[in-house]
Structures are given as C-alpha cells and as structure tokens.
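Engineer: Structure of the sequence below:
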Amino acid sequence: MTKLIYLLCCLSLFTGSIGEGLAQAITLTGRVTTGTGREALPGVNVSIEGTTTGTTTGADGTYRLNVPSANNTIVFSYIGYATQRVAVNGRSQLDVTLEEDNKALSEVVVVGYGTKDRRDLTSAVSSVSGKQIENLPVTSPVALLQGRATGVQIVQNTGAPGATNFTIRVRGTTSINAGNNPLFIVDGIQFEGGTADINPNDVESMEILKDAAAAAIYGSRAANGVVLITTKRGKAGKPQINLNYYKGIQQVDRTRLPKLMDSREFIELIQEQRATGTGITSLYAFILPDDGIIGGNGRISNTNWVNEVIRQGSMDNYELSIRGGENKLRFFLSGSYLKQKGNLVYTDFKRYTGKLNLDYQASDKLKLGVSLNATRGITNQAPENEGGIFQAALFKAPVNPVYAIDGSYFLEDISGILNPIAVADLETRLNTRTRLMSNFFAEYMILPGLNFKTSWASDIVLNRNDFFQPSNSRRNSFAQGNSNYNDENNWLFEHTLNYINTFGQHRVNALLGFSQLENNFSTTTAAARDYGTNSIETLNAASTPTTATNSRTANGLASLFGRVGYIFASKYYVEASLRRDGSSKFGENNRYALFPAASLGWQVGREDFFKNLSGVVSDLKLRASYGRTGNQGGIGNYTSQGGFATGQGYVGQNGVAPSLIANPDLKWETTDQFNLGADLSFLKSRVNLSVDLYQKLTSNLLLNVQLPLTSGFGSVLQNVGSTENRGIEFDLNTVNIEREGLRWTTNFNISFNRNRITKLSGGADIINTSGNTGFGQAQTFGLLREGESIGAFFGWQANGVYARSTDNERGLRADNATGYLFKGGDMRFVDQNGDNIIDLRDRVVIGNAIPRFTGGMTNTVQYGNFSLDALLQFVGGKQVFNGTRTVTESMFQFANGARIIRNRWRQEGDVTDIPRADHTDPGFNRRSSTRWLEDGSYLRVKTVTLSYNLPQSLLRWAKIDNVRFYATAQNLFTFTPYTGIDPESNSGGSGRVTDLGFDYAAYPQYRTFLFGVNVGF
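Structural biologist: Just a heads-up that it's a prediction; the model follows:
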C-alpha cells in the first residue's frame, strides 16, 4: 500500500494539481463539422484524453459529454480527418471543425494494449479498416489482408469450404521448426487457429505490428509479428439496425485445369509401354485384352474424372446487426449465418456466429465492459492432397467407369487409385467446431489521466471429427470408423495501469501491466472396425475396437510489461518498452526472458526550416526503432523436461522407457530487429508515401540435433542456428481526383524481402523430403544450408532429352559406374561433379519458393451514389514445384497423363522435351529436377466491387437510412507463366518450411461472383 501511495504521488507531479483534476464535473455540448462544406459530421469519436470516457456525434453532428474537470482535454477523431485535441478551459460548449487528412486510412491506430494517432507512431504498423473489406466473400478475415497490407504475405493453401489454412508471413520467414505465422490478438484475447470463427463483417479494423518496437510488448510470442483484430463496438445515438445479404456462385477456372488424356490416348500409351517389354503385359492383361478395354458396365469407358468431381459452388450469407447506445450504455449485437457449397462434390460448410460487445459507464470514473463471440461451424470434408479425391480425379485412368453394371460404384483399378465419387459420396468426414470467446473488463480512473484496467478472458474451443468408411467405398476394404474430440480451454488475466498527460508542449504516456495466460488441451480418440452394417456409423455398431486414447496437456505464461513514451512539441518522439516472460515451456535454466524495444521519431515537417518546402513536401516524419522478440512455438509443453513411453520389450512384457531426453537449457528463439522509416506527404497531402527498411536477425533456432547411438536417443531439441531477413517496403496513397461528386484514390504497396540461413548445427546441410507425390513418383527436396534461403529447392538440373543414344557421348550412367546407361529418349541431367554418374551428389540448389517481392494496388472511384473498388494482388520472383506434373507427365505406373505427353520421344532422332514412355523408368527420368520447376510469379485481379446507394429522397418516406446494392467478383483473372492450376500454392499448407512452393493436387481455388444488398435503419 505504501508503494502504491508513493507511485500516485509521483504521477501527480505531471498533473499540475490533483485538486484541479478533481474539480466539479461539467456537461459539455457542441457540434462537429467538416472543414470544406461546414457540413455536419456524424459518427465522430469524442473522448476525454487519457480515459475511455467518450461519445460520438449524432446525425446532425452534435454531441453531449459529461466531463469530470474543466481542465480536461477533449479528443475529436474520425477516419479520414485530422485528429484534434482541444482544452475545455471551463467552457460548456465546444464546436470543432475537422479538416480532411488523406495521409492515413485510419487516423486512430490500435497498438498493443492501447491506441495511438498515426501521426504519433514511431514503429511500423500496417492497418486495414473494416470499411475497406466489408461484404467481401470470404470466410476468414485473414484472407482480406492479401494485397492490402505492406510487408505481409498471405497464401491461401486450399479452396475447401470453410478452410482457414493460410500461410502468413510478416517480413519473411524466420524459423525452421518453431512456426512462422504471427500472433493473433482478437479484442485483447490470444487467438489460435480457426480464423473462420470470426465473422469478417464484425471487424472494425486490423492492425499488423511488423517491427519489434511495436510487437515486443507481446514478448516471446511476437517474433513473427502480431495481428490485432478489433471488432465493432457500440456508439452513442439511436440504434442502427443493419441487414446484409449476399448470394454468390463459385467456379473453378477450368482453363487452368490439366488437359488430360481420354481413353483412346491412354490405351495408346499403355500399348506403347507394353510393346517396350517393360512388364506391363501381365499387369494389365485383365483390363487390357487385345480387343480393347472393357469397363465395369460392359462398354469401353471414357470417364473425365475431373468433370465428375468438380461442380459449381455457391455462397449464401445472412447478417443482422444492431449498434447504438447513449452516454452510459453502448452496445453492438450481431448474428450471421453462412452456407457455402464447395466446388468438389459432397463438400460444404455452414457457420453460425453471434457477437455482443457492451460498454457501460457506471460512473465518471468506472467503466465496465464485455465482449462475447460465439461460433459454430459444421464442415463436410473430403480427403485432400495425397490420397484426396481431387488427386484421384487428376490421376485415375479414364478407362475406369464411375459405376459398375449393377449400378454400384466401380472400385476395380490396377493402379490402386480410389474412385473419388465413391469416397466423397459414401464416406463421412464431418468436422463440428464450437467456440466461445469472452472478455470481461473493468476500468477505473484513479486520477485524470491515470487509469487502472483489469480483464478476465477465456477462449473455449470444442472440436469434433467423425470419420466413417463403409465396406463398399473402396476395393477390398472393411467398414471402419473413428471419432476424435478435442477440448481447448485458454484463460487470460491481465491488469494494466495506464497514464497519459499533456502539460505545455510535453506529452507523456506510460503503461504498466501484468498478464497470466493458461492453455489447457485435451483430446480423446476412439476407433473401431468390422461394422455389421454400413447404415449405422456410430462406434458401438462395430465389433472390433482398435484404438482408445486420451491425453491432457497444459502450459502457462506469466508476464510483466511496461511502456513509456514522450512527445515534445509534437515534433520529437521517444518510446521504450520492456516485457519479461516466464513460460512453463522453457527449460528450468532459462525460465524467464526479457524483450526490450525502443523507438525514436522526428516530425521534420513541423520544423520552421521545412516551411519553405511545404508547397511540394507537405510533411515528413523520420522513424527509427530496435527491439527484441521471441518465438516459443517450436517448444512442446513438456519437451524441456524429457518424456517416457510405454511399450513391449523383446520378451513381450509391458514397460516404460525414456523416449525424450530432457534439455533444461531449452529456450525461445530470439529475433532482433532494426527498422528505419520515413513518412512523406506531397501536394497538400494528396500524395502520401511510407518507406521502411528493416533487418531481422534470428538466433537460437530450435533444431533437432542428432545424438550418438550410444545415448539411447535419436536426437535432442536444442537452440542452434540462425537466420536473417532484410527488406524494404513502400506504401503509397494518392488522391488522384477530388472534385464535385467525384473522388478517385489509389493505394499501392510493394515489399521486397531477402532471406538466408546464417548458421546451422555444425554447419551441416539438412535435406528434407518435402512431399511424396504418390505412386512412387518423384519427391521434391527442400534444402536447409548455410548461405541459402529457407525456401531453397534442391535437385537435379535437367537439360532436355537425348534425341539419340549417341548423344550420350560421355557414357553417363545412373546411380553407379555399372548402372543404367542413358540412351535416346532419356532426360539429360547435368553431371555437376564430372564423375560420369548421375547420383545424389549431382543435386544443386535449383530454385527458391520465397518470393522476391509481394504487393497490391487498390483503386477506389466514387461518383455520386456509385462506387467502384478494384484490388490487384501480385507476387514475383518465386518458383513453384509442379508436383501434379510429376504424375501426369512421368508416364510411370498406371496413372492417367496430360495430353502434352503425346509429344513424347518415340524413336531415335526425335527432338522434344518429354522423355519416352517406360513403365519402369530405369533412368529415373521423373526425379526432382528443373523439369518440374516453374516461374510462380503472378498478377491477380483479386477483387472488383461495384456498389450503388439509393438516394435519400427515395428512402425518407420508408424511414430507411440507407440501401446499398453491390456486386463483387473475386479472383477474376490470374496472369502467370505457371502452367499449373494455381501459382498460389503450399502443399496444402503442411506447415513445414521446406514445403513452400510445392503444388500437388490441392483443393482448387475458385472465382466468386456475388450480388448483395445492405439495408440500414
């Protein structure tokens, strides 16, 4: 108690006089207008500086606010207008005129544990407002960042309905094993997985904290950046009721699908392979008699399997929200229902959401609030990627029919490829996900400018997966099923003390906080087989239980953090922060971690010497920052403590033995980041440019280090290795035309990044098999090597096809000195070491999956009641490993092929890039090489929206505030040299960094065309 009194006394020195701060309250009224037409400006945020007390202006621009002291400062802020701070000075009426400020999309920016004016930022923060992204046809708000946020790369790994499988990179890839996706904070709650659990139209704004000065306040979880999602809250004024509905269709771009062989072409290929004497005669004898192929329906089949599994999808979205309140109580309430029909047969997604945000001003000093978000999602899934139905449709021979003569599904196939229609129709893959997020808080104003806030938050996720495979969906199968139930409970307690004050030309702010986070996870799985009937899918209908497991894990994080900022004359800025994390994941010798950060800013544009340039350069601010952040994602809950496993010994007795070696020195990965930035405005703020230059140095990488066999363990997780990312970002905003009734604005952003590994354990290469493309096909290899990028491709360099056997003048052989002798029709691989043998030693770095640059351009044209918004998104300087081609063009085993293989080598002297057809492929022509590597750069017309607002003259009689009709096209066109389905690829998002850029039969993305209507009362 003594320490608290001492702290309050010290802080009171900044207030000037405690007595004045506790002066009698007054009621302040006024009107806010625009700086151009002096028109009323509704919806302006009017708040008491240093508190959460505030209101918003009504439709006529007026406001009413209870102010505890005649010496308070009132802050007026509104999107697109310059924020004003006005001292009350005993007045009871305060009229304000706001001037347009084109420098920022949103003047008020959410940062860690608070908000700031953009002019006061000394760190790198990208912002996307809810207005920019409303009513777009996505199930996750993360998708809305693509092409809109500088320094952020978003890869959508699948087009499956309801999917939230995104690869997200903020300023590059820093880690090998600890994960690279950023930390998500939703309304103050740490949010993990399932971003489709948030209705995108509930979002008020999204901020991405990119440099360490902004993100270090989140400590050991912030090395990959932080995404802050803020949802809509109530506003003072009459309740605003909003109805929104849109209907859309989804179409796969069939022009980008592989052109596959029909039955006649497939038979020709098989007969050619049979003629070479490669053993295919006996294998195909039962379905390939001399008189042709006989299908299960007694006829020659010619099935286009891709057409069988692809259909037109759809999306229906219904939303209702109510927003309003008065000075004491404000609320935002919303509900939504989304139904999405997938583009692959028998796949769909349904989502129900409910949102409630309440803010109650109990007194002049006490504010209470609650945020609730409830979601339930139901997804009918289909297997994807390896073993998936789209993979089967691409590779299954056209000679196989969908149905047998008796009308059942035809299941016979020498290749072992499943019947995708049978699997999708008869098998059950049902995911049911329920989520409840809650945050209760209380905020008390101890003194004017000094506030204490306490909050308690929870995030409860119930996730259930049910699988059933009947006996009639696959060849020679039996009925089996399993059920998996995951229960995740996360609890967060936070207490903060926030101080802000202005005296003269000095502005100070300080934050002190404590946070305690607890994560609990449990999973229960049961499986059984031998069902008596295919009609009952519950496990109790099976006669043979096969699996029953249960596990519970937990981890905790306790943190102290603080931040201090000082601004002098609105020109000179200094800010510093420090966080101390203690995690149960860390080893006992490294239980706690410190994460400092500091930043400086100089508003050069407000210096007297700069005024001579103001006609051209309206404003200039310079920024510099340094900070340290951490990444604990690669540490299991009990990895540092070691582990034991149960099993049977060689005599068949049950026992327990050590399975994981303890490492008491295990700790977080550390990222030190330096940032230099400049914000410039030209031509009276019609042109605004932000430039950031950064360097990220990551050390203490979490890698598995091999142990000697005598240790009894294979490896141990240690902190070894380091990486570097450096880059530059440009964000340009322009007002191209602004005249009576017409406004045209442009935002262009582009980011360049270079990534390299600077240290590995012992300097040794790590070669990972990134993805098996099935049927014994080529595997793509990811290389981790000092000096190379994390996204490096590793393989052989291909140099065409031998036209004649005599072209192999050096007598190159495969694998060893007596191995297969390459001849006419074989791939010509480069012998890198000159030993006349093509083997593993001839592999080199052949490409990179990490793009050299990413970006986007948004154009918005408003004319009268019409508005046109178009987003172009682009990625350049990356390669994609086309795993689909390794099957459709390898002519190996019994998969169908692409029509391009009709141009294959057939006889001596043929000049072509496609090798000969050989069922056994003795020269391993299909090996991972530059043959499969393609330029993955692309330019995509991501979103085009045309909207029209009905004139107010037509709505007054119906007492309707607004009616907006809109039409949107998404993923309209893609321009790319890539020959695969989609250059935006990542092996279905496996999460491994060596899988970047690996495209293999993922659920295809789609175009969306929708029409919607928005009605406000």
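
Engineer: What is whichever strand or helix holds T698 packed up against?
Structural biologist: Per DSSP states H and E, T698 falls inside strand 687-699. On a contact count with 3 or more Cβ pairs under 8 Å, 6 or more residues apart in numbering; DSSP states H and E, strand 687-699 meets strand 669-682, strand 722-739. The way it works is simple: take the backbone N, C-alpha and C, and place the C-beta from them, glycine included.

Engineer: Just give the strands next to it in its sheet, each with its orientation.
Structural biologist: Applying DSSP bridges to the sheet, strand 687-699 is found paired with strand 669-682 (antiparallel), strand 722-739 (antiparallel).

Engineer: So which bits of that strand are buried?
Structural biologist: By neighbour count on 16 or more other Cβ atoms under 10 Å, the buried set for strand 687-699 is V687, N688, L689, S690, V691, D692, Y694, Q695, K696, L697, T698, S699.

Engineer: List the buried residues in stretch 742-758.
Structural biologist: Buried residues in stretch 742-758 (16+ other Cβ under 10 Å): W744, T745, N747, F748, N749, I750, S751, F752, N753, N755, R756, I757.

Engineer: Please tabulate those residues in a markdown table, including the columns secondary structure and pLDDT.
Structural biologist: Below are those laid out as a markdown table (DSSP: H, G, I helix; E, B strand; the rest coil; pLDDT from 0 to 100):
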| residue | secondary structure | pLDDT |
| --- | --- | --- |
| W744 | strand | 94 |
| T745 | strand | 94 |
| N747 | strand | 96 |
| F748 | strand | 97 |
| N749 | strand | 97 |
| I750 | strand | 98 |
| S751 | strand | 98 |
| F752 | strand | 98 |
| N753 | strand | 97 |
| N755 | strand | 95 |
| R756 | strand | 95 |
| I757 | strand | 95 |
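
Engineer: circling back: any idea which helix or strand comes after the strand holding T698?
Structural biologist: Per DSSP H and E, the first helix or strand lying C-terminal to strand 687-699 is strand 702-706.

Engineer: what is the orientation angle of that following strand with strand 669-682?
Structural biologist: On the basis of axes from the mean of the first three to the mean of the last three Cα atoms, to 10 degrees, strand 702-706 is oriented at 150 degrees to strand 669-682.

Engineer: What about A548, how many residues nearby?
Structural biologist: Applying other Cβ atoms under 10 Å, we find 11 residues neighbouring A548.

Engineer: can you give me the offset of the helix or strand hosting it from its chain's centre?
Structural biologist: When elements are assigned from DSSP H and E, A548 belongs to strand 542-568. Between the centre of strand 542-568 and the centre of its chain there are 20 Å (Cα atoms, centre = their mean, to the nearest Å).

Engineer: in whichever helix or strand comes after that strand, what's buried?
Structural biologist: Where DSSP H and E defines the elements, the next helix or strand beyond strand 542-568 is strand 572-583. Neighbour-count burial for strand 572-583 flags Y573, E575, A576, S577, L578, R579, R580, D581, G582, S583 (criterion: 16+ other Cβ under 10 Å).

Engineer: swap in stretch 146-165?
Structural biologist: Within stretch 146-165, the residues scored as buried using 16+ other Cβ under 10 Å are 146-165.

Engineer: so for it, what's the average pLDDT?
Structural biologist: For stretch 146-165, mean pLDDT rounds to 88.

Engineer: Compute the first-to-last residue distance for it.
Structural biologist: Using Cα to Cα, to the nearest Å, one end of stretch 146-165 lies 14 Å from the other.

Engineer: next one: stretch 589-608
Structural biologist: This stretch, stretch 589-608, spans 54 Å end to end (Cα to Cα).

Engineer: And the average pLDDT for it is what?
Structural biologist: This predicted structure assigns stretch 589-608 an average pLDDT of 94.

Engineer: circling back to that earlier point, keep only those of the buried residues of stretch 146-165 that are in strands.
Structural biologist: Among those, the members falling in strands are V152, Q153, I154, V155, Q156 (criterion: DSSP state E).

Engineer: which one of the residues you listed is nearest F713?
Structural biologist: V155 (35.5 Å; Cβ to Cβ).

Engineer: With distance to E669 as new columns, can the buried residues of stretch 742-758 be given to me in TSV?
Structural biologist: Formatted as TSV, the buried residues of stretch 742-758 follow (distance: Cβ to Cβ, whole Å):
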residue	distance to E669
W744	45
T745	40
N747	33
F748	34
N749	28
I750	28
S751	23
F752	24
N753	18
N755	15
R756	16
I757	13
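
Engineer: which one among those residues gets closest to F410?
Structural biologist: Checking the buried residues of stretch 742-758 against F410 by Cβ to Cβ gives N755 as the nearest, at 48.6 Å.

Engineer: Show me where the stretch 301-450 of the chain has its strands.
Structural biologist: Listed in chain order, the strands of the stretch 301-450 of the chain (DSSP state E, counting those that start in this stretch) span 313-325, 329-341, 348-361, 366-380, 428-447, 450-469.

Engineer: let me fix that: the stretch 101-250 of the chain
Structural biologist: Using DSSP E, counting those that start in this stretch, the strands of the stretch 101-250 of the chain run over 108-111, 114-117, 125-129, 152-156, 166-170, 183-186, 189-191, 203-209, 226-231, 237-251.

Engineer: Would you mark the buried spots in the last one?
Structural biologist: This points to strand 237-251. Residues of strand 237-251 classed as buried: G237, Q240, I241, N242, N244, Y246, G248, Q250 (neighbour count, 16+ other Cβ under 10 Å).

Engineer: Can you tell me what sits against it?
Structural biologist: 42, 56, 58-59, 135, 137, 201, 312-326, 340-341, 343, 961, 966, 968, 1006-1017 (Cβ atoms under 8 Å, 6 or more residues apart in numbering).

Engineer: which is the next helix or strand following it?
Structural biologist: helix 263-275.

Engineer: Which other helices and strands does that next one contact?
Structural biologist: helix 280-284.

Engineer: Now do the contacts for A392.
Structural biologist: Applying Cβ under 8 Å, 6+ apart to A392 gives the contacts W305, I417, L418, N419, P420, V423.

Engineer: What's the local residue count around R931?
Structural biologist: For R931, the number of neighbouring residues by other Cβ under 10 Å comes to 28.

Engineer: Please name the nearest non-neighbouring residue to it.
Structural biologist: A798 (4.3 Å; Cβ to Cβ, 6 or more residues apart in numbering).

Engineer: any idea how far K453 is from G234?
Structural biologist: Distance, G234 to K453, by Cβ to Cβ, to the nearest Å: 18 Å.

Engineer: And the helices in this structure?
Structural biologist: 2-15, 18-21, 130-133, 212-215, 263-275, 280-284, 305-309, 389-395, 420-426, 885-888 (DSSP state H).

Engineer: Okay, and the beta partners of the residue nearest to D487 when sequence neighbours are not counted?
Structural biologist: Spatial nearest neighbour of D487, chain neighbours left out: S522 (4.8 Å); criterion: Cβ to Cβ, 6+ apart. On the basis of DSSP bridges, S522 is bridged to D487, R552.

Engineer: Where does the prediction get shaky in the stretch 1-150 of the chain?
Structural biologist: The stretch 1-150 of the chain contains residues with pLDDT under 70 at 1-24, 35-39, 59, 79-80, 100-107.

Engineer: So G636 is in contact with K585, correct?
Structural biologist: Yes: if you go by Cβ atoms under 8 Å, G636 and K585 touch, sitting 7.3 Å apart.
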